[in-house]
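**Student:** Any chance you could fold what I've pasted below:
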Amino acid sequence: MDKKYLTAPCGLDCFNCPLLEGNITEDIKNHMAKQLNMQPHEVVCKGCRSEEGRCKAAAKCATYKCVQSKGHTFCYECNDFPCDFYLPTKNAAHYPHNMKLYNLCRIKLVGLDAWFNEVPEIRNRYYNGEFVQGKGPAIKPVKGD
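**Tutor:** Residues are numbered from 1 along each chain as shown. The predicted structure is shown next:
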C-alpha cells in the first residue's frame, strides 16, 4: 500500500475509508449509491489523489485544489497552515474534520511511516474515546482490566 498516495492532502486516511476500492462492501456500495443517487459502481473510490479531490459524497474539494495549486503534498507544508479550511466546526463530532488537523500535525512531527502505525489508535480514540478536559479523548478501561 502506498501510504503517501492513500493519505489525502488534508490528512484524511483514505486507506480506512469504507468507500475505498478494496474496502467497500456490496451493502455499503448499494446504500451509498441510493443516498447519492448514483449507480453502485460509481460510488467506489480510489482515494483522494486518484480522484483528483472529487470525494464521492461531496463536490470537488477546495482543500485539494489549494494544495495542488501551491505544489504541496500535504497542507502542513504551506506557510499558511493551519488556514480557514481547518477552523474547528461544531459538527466535528460527526465528521473527521478535527482528526485531519491532528493527523497533519502528527505526520509533520513524526513522519508518514510512524503516523501510519499510529492511525488505528488515533481513529479509536477519535471515534470511541470520551472527552477528558485537558487530555482529549480517552478510552475508558473495561471493568476488570
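**Student:** For R54, see how far away K60 is.
**Tutor:** 5 Å (C-beta to C-beta, to the nearest Å). The way it works is simple: take the backbone N, C-alpha and C, and place the C-beta from them, glycine included.
**Student:** Correction: the previous question concerned S69.
**Tutor:** 16 Å.
**Student:** and stretch 63-80, average pLDDT?
**Tutor:** Model confidence over stretch 63-80, given as mean pLDDT, is 95.
**Student:** got it, and stretch 116-129?
**Tutor:** Per-residue scores along stretch 116-129 average to 91.
**Student:** S69 and R54 - which one has more neighbours?
**Tutor:** Between S69 and R54, counted using other C-beta atoms under 10 Å, the more crowded position is R54 (13 against 8).
**Student:** so the more buried one sits right up against C61, yeah?
**Tutor:** Yes. R54 is within contact range of C61, at 7.3 Å (criterion: C-beta atoms under 8 Å).
**Student:** Please give the element, helix or strand, for the closest residue to V110 other than its chain neighbours.
**Tutor:** In space, and not counting its chain neighbours, V110 is closest to E118: 7.4 Å by C-beta to C-beta, 6 or more residues apart in numbering. If you go by DSSP states H and E, E118 is part of helix 112-128.
**Student:** what's L20 sitting at in phi/psi?
**Tutor:** The phi/psi pair for L20 (degrees, to the nearest 10) reads phi -70, psi 140.
**Student:** residue contacts, the closest residue to A62 other than its chain neighbours?
**Tutor:** Distances taken as C-beta to C-beta, 6+ apart place F85 nearest to A62, at 7.1 Å, with adjacent residues excluded. Contacts for F85 (C-beta atoms under 8 Å, 6 or more residues apart in numbering) come out as C10, A62, T63, C66, C75.
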